[in-house]
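Asks: Have a look at this fold, sequence not included:
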Ligand SMILES: Nc1ncnc2c1ncn2[C@@H]1O[C@H](COP(=O)(O)OP(=O)(O)OP(=O)(O)O)[C@@H](O)[C@H]1O
Ligand SMILES: [Mg+2]
C-alpha cells in the first residue's frame, strides 16, 4: 500500500472510532486529529491538521505536553485523567494516554494521544462520594436516617460449628484495630461481618464506609480513596477521599483484588505509614482508619494470578475470616429460613407458620450459588406471594435454576428500593408460566399455583394480564 493510502486508512479509522485521537509526526505536525478530539479540546479540526502542534497549542508549556514528551523524551503517559471545558461550556473529563511510535532503528517516528470521555462515569463517582459523605455520622446526628443499614452480631444467624467459630473470631477482632481480611463467596455475609465488627468495636461512633473496588473505573479509584487536589494538570476539585472521610472509623474495601496493582502498593504504603496524600497534592495527611478488605475468590489463587499483591495480602490478613459457603453448612439453612419467614411475615402482613416437609427437603438440598442472599430472596418471594396459608409449600419456592451463576447473583442483588419491582416481575413470570401450562384456563392455573381462583383473578387484573 502507498503511504497516501495508509494515511487515508488511518484517518478513516480515527474518524469512525469511538475515541478521541491525535497523531503527530516526528516533525511535530498533526497528521490525524479526529472529530472526537476536536470536541474534547474545543478546537476546529482544520486549525490543527497539518499544522505544527506546538504552535496550535501554544497556551500549553511544551514540557507539560504529553505529545511533546513522547516525541522528545520517548515517554509514554498512560491513563491520566484530565478535565476540560468543552465548546458548550460543559465540563468534560477524559482519560488520556500518549505513546511514542518507534521506527525500525529505534528512533521516534510519531506519537499519538488517545482519550476516552468518561464524564458520565466521573459524575457518577462524584455523586457516590457526595452520598457517602452524607451518610457520615456527623449528619446522622441531626436525626437523619442513616443510609447504610447497621448490622450487629445479633443479626448473624447460624449454629453450624465451623460457622460459630468464625463468628467468635470476628467478635475477638472487634477488640482490636488490626486490619481484617474476609474471604467468602458472594452473598455469604461479608458486609454483615464487617459492619458487626465495626459496631462492636471502639470505633463504633466513628464512620463506617464501604467501597467496592470493582465498581469504579481504575483511573478514578485512587481519587476516590485518597481524595484530589484542585487545579494542576488534572483539573480536579479539592475533595477529601474515603480515607479522610472514614477517619476514626472503618473503611470496608470490597473486592480488593479488583484494585490496580500499583494502587495496591500505594495502599500498602498508606497502611504502613498511616498518612495519605491526595492525588495531585503534596501534603501528608495523617489518617486513623481501620481497613476491612474482602475477596470472593480464594486469595491464594488471586495472588498466583497476579491480581492480589502478596505483600498487601499479608499486611491486611492480620485477622483472617473465612466464611464457608452455605452449601457447606446446610445445617444452618432451616434456621436462616425461619428467621427470614419471621421477618417477611411482619413486613408483608402474612402468617406463614411452618414449612412443608417437601419444602424443607428442597431447601436443604439446593446448592445456593448466591448463598444466604439467594435464600433470603427466595423466601421473600415465597412469603410475599402467600395468600392466607400458614404452610410454606415446595411449589412456592422458585429456584432460579440453570441460569449462569453470575447472572443469578445479579438478579439476587436487591435493595429495599427495587424489591417490589423484582417481586412483581417474579410473580408475573410465574403466573404466565402457569397460564401457559394450563392453556389459559384460570382455574387450572390457580390449582397449579396452589392459590385460590379469586386470588389469581385479582392478580391478573392488578397486572393487566
Ligand atoms: N448468617 C447470616 N444470618 C442472617 N443473614 C445473613 C447471614 N449471612 C448473610 N445474611 C444476609 O444475606 C444477605 C447478603 O449478605 P452480605 O451483603 O453481607 O453478603 P456479601 O458477602 O457482602 O455479598 P457480596 O459478595 O455480593 O458483596 C444480606 O441480606 C444479609 O443480611
Ligand atoms: Mg458485600
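Replies: Everything's here; your move. Being a predicted model, the structure only gives us computed values, none of them experimental. Ligands and ions are numbered 1, 2, ... in the order given.

Asks: and the residue nearest to residue 33 when sequence neighbours are not counted, what is it in contact with?
Replies: In space, and not counting its chain neighbours, residue 33 is closest to residue 48: 4.4 Å by CB to CB, 6 or more residues apart in numbering. Quick note: C-beta positions are derived from backbone N, CA and C, even for glycine. With contacts taken as CB atoms under 8 Å, 6 or more residues apart in numbering, residue 48 has the following neighbours: 22, 30, 33, 38, 56.

Asks: And residue 452, by the same measure?
Replies: Neighbours of residue 452 in contact, by CB under 8 Å, 6+ apart: 387, 446.

Asks: Ramachandran coordinates for it?
Replies: Backbone torsions of residue 452, given as degrees, to the nearest 10, read phi -70, psi 150.

Asks: Also residue 397?
Replies: The phi and psi values for residue 397, taken as degrees, to the nearest 10, are phi -100, psi 110.

Asks: Tell me if I'm right that it and residue 363 touch.
Replies: Yes: taking contacts as CB atoms under 8 Å, residue 397 lies within contact range of residue 363: 6.9 Å.

Asks: between the two, which one's more packed in?
Replies: residue 363 (22 against 19; other CB atoms under 10 Å).

Asks: how many neighbours does the residue in the chain positioned nearest to ligand 1 have?
Replies: Closest approach between the chain and ligand 1, counting by CB to the nearest ligand atom: residue 189, at 2.9 Å. By other CB under 10 Å, the residues close to residue 189 number 23.

Asks: wouldn't it be in contact with residue 155 here?
Replies: No: Residue 189 is not in contact with residue 155 according to CB under 8 Å; the separation is 9.2 Å.

Asks: other SSEs contacting the one helix or strand residue 243 maps to?
Replies: Using DSSP states H and E, the element containing residue 243 is helix 242-245. Contacting helix 242-245 under the criterion 3 or more CB pairs under 8 Å, 6 or more residues apart in numbering; DSSP states H and E are the following elements: helix 119-134, strand 208-212, helix 218-226.

Asks: wait, what's in contact with whichever residue of the chain sits closest to ligand 2?
Replies: Closest residue of the chain to ligand 2, CB to the ion: residue 191 (3.9 Å). Residue 191 is in contact with 151, 210, 252, 254, counting by CB under 8 Å, 6+ apart.

Asks: for the stretch 51-200 of the chain, what spans make up the helices?
Replies: For the stretch 51-200 of the chain, helices defined by DSSP state H, counting those that start in this stretch occupy the ranges 53-56, 66-73, 119-134, 137-140, 161-173, 190-199.

Asks: so for the fifth one, what's the average pLDDT?
Replies: Taken as a whole, helix 161-173 has an average pLDDT of 97.

Asks: How about the first one?
Replies: For helix 53-56, the mean per-residue pLDDT is 86.

Asks: Need the three-state assignment for the residue nearest to residue 366 when sequence neighbours are not counted.
Replies: Distances taken as CB to CB, 6+ apart place residue 399 nearest to residue 366, at 6.0 Å, with adjacent residues excluded. Assigned by DSSP: H, G, I helix; E, B strand; the rest coil, the conformation of residue 399 is coil.

Asks: Report how many residues lie close to residue 399.
Replies: Residue 399 is flanked by 14 other residues according to other CB under 10 Å.

Asks: Distance check, residue 375 against residue 429.
Replies: Using CB to CB, to the nearest Å, residue 375 is found at 20 Å from residue 429.

Asks: Neighbour count: those two, which is higher?
Replies: More crowded of residue 375 and residue 429, by other CB under 10 Å: residue 375, with 21 against 11.

Asks: tell me the average confidence for the helix or strand hosting the more buried one?
Replies: Assessed by DSSP H and E, residue 375 sits inside helix 371-385. Across helix 371-385, pLDDT averages out at 91.

Asks: now check it, is it near ligand 2?
Replies: No: using CB under 5 Å from the ion, we find that helix 371-385 stays clear of ligand 2, coming within 9.0 Å at best.

Asks: what's the following helix or strand after that helix?
Replies: Stepping forward along the backbone from helix 371-385, the first helix or strand reached (DSSP H and E) is strand 391-392.

Asks: what residues does the stretch 351-465 of the chain put near ligand 1?
Replies: Selection of the stretch 351-465 of the chain residues close to ligand 1 by CB under 6 Å from any ligand atom yields 372, 373, 376.

Asks: Can you tell me which of those is nearest residue 80?
Replies: Comparing these against residue 80 with CB to CB places residue 373 closest, at 38.2 Å.

Asks: Please tell me I have it right and the closest one contacts residue 187.
Replies: Yes: between residue 373 and residue 187 there is a contact at 3.2 Å, judged by CB under 8 Å.

Asks: Which one's more surrounded, these two?
Replies: residue 187 (24 against 18).

Asks: Check the contacts of residue 191 and tell me the two furthest apart.
Replies: Maximum distance among the contacts of residue 191 (CB to CB): 14.6 Å, for 151 and 254.

Asks: Right, I'll leave it there.
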